[in-house]
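> here's my sequence, what's the structure:
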Amino acid sequence: MTHYNGKNSFPSEFSDAEILHKVSKITSPQQQVGDRETEEDRLWEATPHIIWKAYAGGWVTYLGQCWEEYTGVPAAAALGFGYLAQVHPEDRPRLLAKSRICEFPPPSYEIIFRLRTREGTYRWNLARATPANPESQEVLEWMGTYTDMDALQQTQVDPQAGSEFLPHQARSEANFKAEKLCEAGTLRDGGQDLHAIDRFTNLLSQRAGNLGQLLQAIADATVEAIAGAEFCLVALRESDCTGLKLSAVGGAENFAAGKTPHVQNKLLWKAFATGEPVLWCSECEGWLPAAACAAAIESGENGRLGVLAIGNEKDTKAIDGQTQQLLAVMGKQAAIAINSARAIEKLKKQEQLLDLQNELLIRQQEELENQGRRIQQQKLQLLEAAKLKSQFLGIMSHELRTPMNSIIGFSQLLLRQHKQLLSTQQKDMVGRILHNGKNLLVLINDILDLSKIESGRIELEIEEFDLAPLVMDVALEFRNQATENNVVMSVSVCLQNQLIVNDKLRLRQLLVNLVSNAVKFTHRGSICIEVRELNCDRLIITVQDTGIGICETALPHIFDKFRQADQTTTRHYSGTGLGLAICASLVKMIHGTITAESQLKKGSTFRLEFPRKIHHKKLIS
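Numbering: from 1, shown residues only. Here you go, the predicted model:
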């Protein structure tokens with residue numbers, strides 16, 4: 001006969017009946033009885049495979065009617081290389097490469113690939129092929145089948161793995177007819193056995209559930225599928241591999257009440273140990289069946305899982321070699337079903353674990369959200385408390401400063417105008433009042449300034465002024481204290497342009513704090529105040545002393561509020577510890593930076609860097 005592909009035609013060496021007969025060797029047992037044409041028609045209708053024939057280079061010369069039913073593409077349009085349009089682009093090179101084997105004798109092959117269905121989706125298929133001329137030294141033509149394996153491929157084989165071959169377990173499910181039923185010489189009626197296998201498979205698929213339900217379904221389906229079986233036992237390997245455990249019994253309704261079907265333990269163990277089906281018959285009456293057969297439940301993926309055993313109580317001929325081979329096929333099919341059920345149960349457990357983990361994560365997320373809300377609430381409370389503290393400090397400082405100014409003013413008045421009225425002792429006492437009053441006023445001013453900074457009530461007053469006189473005024477303010485401590489104070493101003501645009505009051509306050517600290521902690525040596533230009537836009541003021549210095553551990557914290565190197569109540573140097581903290585805040589106000597270097601007993605150096613010109617007022621927040 002001749003097949004057509006577009007405008008090209010080429011002869012085929014075999015008729016449709018001959019192709020079907022040869023392909024049946026791959027997909028089903030050879031028929032030995034009955035009309036050949038009838039058997040081929042039955043096989044044509046029963047097989048789920050797409051039958052095909054192709055030259056060695058992959059040029060297809062024949063496609064069975066299942067092709068159009070599966071792909072929706074007419075067979076005539078797919079002949080030649082037209083079928084490749086339905087093959088996934090990634091799989092085409094592998095499929096073609098398999099058809100170009102140059103070995104002798106030419107071997108059969110199996111390969112999985114993705115084939116597009118009439119719905120437009122790709123499904124995994126198993127291509128099995130055998131040479132049409134095995135006696136030749138090279139492959140001239142192939143004949144074979146395509147079998148849909150998508151459901152099994154998705155659950156047991158990683159589609160992204162790129163493997164060309166299915167595992168033994170997967171091949172068993174798709175091709176148990178080819179691997180077992182092809183032993184047609186030992187079967188009396190291939191069509192009947194094929195029907196039994198199909199019925200067995202259908203019963204398992206209909207009764208799929210958890211593992212316990214599946215095992216009972218296997219036992220029941222075996223009794224139902226094998227005509228000579230009155231009962232079926234399913235025994236699985238113990239988890240510790242020490243023995244076999246009876247897991248399901250089928251056909252118990254065929255026995256009298258209280259009577260349980262039995263087979264010999266050595267029969268089960270022999271089938272399990274060897275992996276080969278074992279047949280046993282006995283003419284003696286007793287508690288053992290007249291005929292029994294056991295076959296291993298074996299998976300190429302997971303090895304032997306257990307034993308499938310059947311028996312007949314009275315008829316020794318009910319179970320024979322034909323039944324033995326059929327039971328072996330069912331054992332392999334049962335292994336596939338058991339592995340699938342176990343895989344499903346494992347997936348269910350993993351899903352339950354994931355659900356539990358998701359629930360825990362949701363709870364943890366809710367707890368974190370609650371903690372976040374609590375932290376936010378605490379933050380707001382702390383901000384409110386800080387605001388109230390700043391307001392309280394501001395009010396108290398203001399209230400304290402008013403009487404303190406009066407005390408200082410009256411002390412100065414007494415010393416200036418009534419020296420002739422005061423004795424030496426009285427002058428000394430008034431002098432102490434004045435000195436302590438000034439010290440107390442400095443502390444009050446520091447607290448008041450801090451409260452203003454924290455409450456955001458300080459605003460820069462930008463103006464243009466000469467920096468050199470400002471620095472000299474601050475140095476002269478502390479000249480007497482430096483002289484009393486035998487400390488030499490020097491001032492160096494090296495500026496091409498001494499005019500700057502800044503807040504004069506805040507810059508003076510910064511210098512006062514830095515110089516007062518230098519005078520306070522220096523008892524001999526020198527204090528150097530230097531002003532110079534970094535560039536045309538930025539200036540730097542350095543205050544360097546030879547005082548007591550700051551230890552290495554305390555240096556990182558000197559700009560913290562209420563922080564002093566000596567935190568004890570008996571410390572030698574008094575103060576609130578706010579001077580440098582206020583400096584750090586004021587430096588930010590004028591867009592500058594402040595750094596400190598110090599060595600214990602060798603002195604300290606503070607560097608204040610700031611812009612020559614501030615372009616706008618900035619309100620501290």
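> residue ranges with poor pLDDT in the stretch 401-550 of the chain?
Applying pLDDT under 70 to the stretch 401-550 of the chain flags residues 418-420, 454-457.
> how about 80 then?
401-402, 410, 414-422, 435, 438-439, 441-459 (pLDDT under 80).
> same question for the stretch 201-350 of the chain.
Checking the stretch 201-350 of the chain against pLDDT under 80 turns up 201-210, 241-242, 254-260, 282-288, 299-302.
> need the longest helix for this structure.
helix 321-417 (DSSP state H).
> helices or strands up against that helix?
The contact analysis (3 or more Cβ pairs under 8 Å, 6 or more residues apart in numbering; DSSP states H and E) places helix 321-417 against helix 150-156, helix 168-176, helix 190-206, helix 211-225, strand 278-281, strand 291-299, strand 303-312, helix 424-455. All C-beta atoms are positioned from the backbone trio N, CA, C, and that covers glycine.
> with mean neighbour count added, can I get those in CSV?
Formatted as CSV, the helices and strands packed on helix 321-417 follow (neighbours: other Cβ atoms under 10 Å):
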stretch, mean neighbour count
helix 150-156, 16
helix 168-176, 21
helix 190-206, 17
helix 211-225, 21
strand 278-281, 19
strand 291-299, 26
strand 303-312, 24
helix 424-455, 16
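> just put the ones you listed in CSV and tack on distance to residue 341.
Below are the helices and strands packed on helix 321-417 laid out as CSV (distance: least, Cβ to Cβ, whole Å):
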stretch, distance to residue 341
helix 150-156, 11
helix 168-176, 13
helix 190-206, 10
helix 211-225, 5
strand 278-281, 26
strand 291-299, 12
strand 303-312, 11
helix 424-455, 71
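> residue 486 is nearest to which of the ones you listed?
Set against residue 486 and scored by Cβ to Cβ, these come closest in helix 424-455, at 19.4 Å.
> gap between that closest one and the chain center?
Centre-to-centre, helix 424-455 and its host chain are 64 Å apart (Cα atoms, centre = their mean, to the nearest Å).
> quick check: buried residues in whichever helix or strand comes after it?
Next helix or strand after helix 424-455 toward the C-terminus (DSSP states H and E): strand 462-466. Under the neighbour-count criterion of 16 or more other Cβ atoms under 10 Å, strand 462-466 has 462, 465 buried.
> could you point out which element follows the strand or helix carrying residue 129?
Taking DSSP H and E as the criterion, residue 129 maps to strand 122-131. Using DSSP H and E, the helix or strand that follows strand 122-131 in sequence is strand 141-148.
> helices or strands up against that next one?
Using 3+ Cβ pairs under 8 Å, 6+ apart, strand 141-148 is in contact with helix 16-27, strand 50-55, strand 122-131.
> how far away is residue 94 from residue 53?
20 Å (Cβ to Cβ, to the nearest Å).
> counting contacts, what elements does the strand holding residue 129 pack onto?
So strand 122-131, by 3+ Cβ pairs under 8 Å, 6+ apart, packs with helix 16-27, helix 92-98, strand 109-116, strand 141-148, helix 150-156, helix 168-176.
> what pairs with that strand, parallel or antiparallel?
strand 109-116 (antiparallel), strand 141-148 (antiparallel) (DSSP bridges).
> next one: it to chain centre, how far?
On Cα atoms, centre = their mean, the centre of strand 122-131 falls 36 Å from that of its chain.
> now that strand against strand 50-55, angle please.
50 degrees (axes from the mean of the first three to the mean of the last three Cα atoms, to 10 degrees).
> returning to that earlier point: so between residue 94 and residue 53, which is more surrounded?
Between residue 94 and residue 53, residue 53 has the larger neighbour count (other Cβ atoms under 10 Å), namely 22 against 16.
> give the bridge partners for that one, please.
According to DSSP bridges, beta-bridge pairing links residue 53 with residue 62, residue 143.
> sec struct for residue 580, please.
Under DSSP: H, G, I helix; E, B strand; the rest coil, residue 580 falls in the helix class.
> so it sits right up against residue 558, yeah?
Yes. With contact defined as Cβ atoms under 8 Å, residue 580 and residue 558 form a contacting pair (5.3 Å).
> how close does the closest residue to residue 434 other than its chain neighbours sit to residue 58?
Once flanking residues are discounted, residue 434 sits nearest to residue 411: 3.8 Å by Cβ to Cβ, 6 or more residues apart in numbering. Residue 411 sits 114 Å away from residue 58, going by Cβ to Cβ.
> ok, now residue 268?
Counting by Cβ to Cβ, the gap from residue 268 to residue 58 is 49 Å.
> quick one: which of those two has more around it?
Counted by other Cβ under 10 Å, residue 268 and residue 58 do not tie: residue 268 has more neighbours, with 23 against 18.
> so the more buried one, which of the three states?
Secondary structure assignment for residue 268 (three-state DSSP): helix.
> for the one 4 residues further on, same thing?
Secondary structure assignment for residue 272 (three-state DSSP): helix.
> what is the neighbour count of the closest residue to residue 75 other than its chain neighbours?
Among residues not flanking residue 75 along the chain, residue 63 sits closest, at 4.1 Å (Cβ to Cβ, 6+ apart). Neighbourhood size, residue 63 [other Cβ under 10 Å]: 25.
> tell me the pLDDT of residue 63.
Note for residue 63: predicted pLDDT of 90.
> looks like residue 472 contacts residue 490 (just checking).
No. Judged on Cβ under 8 Å, residue 472 makes no contact with residue 490 at a distance of 11.4 Å.
> residues shared between the contacts of those two?
Contact criterion Cβ atoms under 8 Å, 6 or more residues apart in numbering; residues shared by residue 472 and residue 490: none found.
> let me know the angle separating the longest helix of the chain from strand 303-312.
Going by the same axes, to 10 degrees, helix 321-417 makes 140 degrees with strand 303-312.
> where do the helices of the stretch 451-600 of the chain begin and end?
Per DSSP state H, counting those that start in this stretch, the stretch 451-600 of the chain carries helices over the ranges 467-477, 479-484, 504-520, 579-589.
> counting by contacts, list what the second one packs against.
This points to helix 479-484. Counting contacts by 3+ Cβ pairs under 8 Å, 6+ apart, helix 479-484 is packed against strand 487-494.
> could you find the closest non-adjacent residue to residue 132?
Using Cβ to Cβ, 6+ apart, the nearest residue to residue 132 is residue 141, at 4.0 Å.
> ok, that neighbour touching residue 129?
No. Assessed by Cβ under 8 Å, residue 141 is found out of contact with residue 129, at 9.9 Å.
> more crowded one of those two?
residue 129 (26 against 20).
> next, give phi and psi for residue 560.
phi -80, psi 150 (degrees, to the nearest 10).
> can you count the residues close to it?
For residue 560, the neighbour count with other Cβ under 10 Å is 14.
> re earlier: for residue 291, find the nearest of the helices of the stretch 451-600 of the chain.
Among these, helix 579-589 sits nearest to residue 291 (Cβ to Cβ), with 99.8 Å.
> residues contacting residue 398?
Taking Cβ under 8 Å, 6+ apart, we find residue 398 in contact with residue 448.
> pull the contacting residues for residue 78.
Residue 78 neighbours (Cβ under 8 Å, 6+ apart): 60, 63, 67, 71, 85, 86.
> just these: which are in helices?
Per DSSP H, the contacts of residue 78 map to helices at 67, 71.
> filter the contacts of residue 78 to the buried ones?
Buried among the contacts of residue 78 (16+ other Cβ under 10 Å): 60, 63, 67, 71, 86.
> state the distance from the closest residue to residue 602 other than its chain neighbours to residue 212.
Excluding the flanking residues, the one nearest residue 602 by Cβ to Cβ, 6+ apart is residue 549, at 5.3 Å. Separation of residue 549 from residue 212 (Cβ to Cβ) stands at 83 Å.
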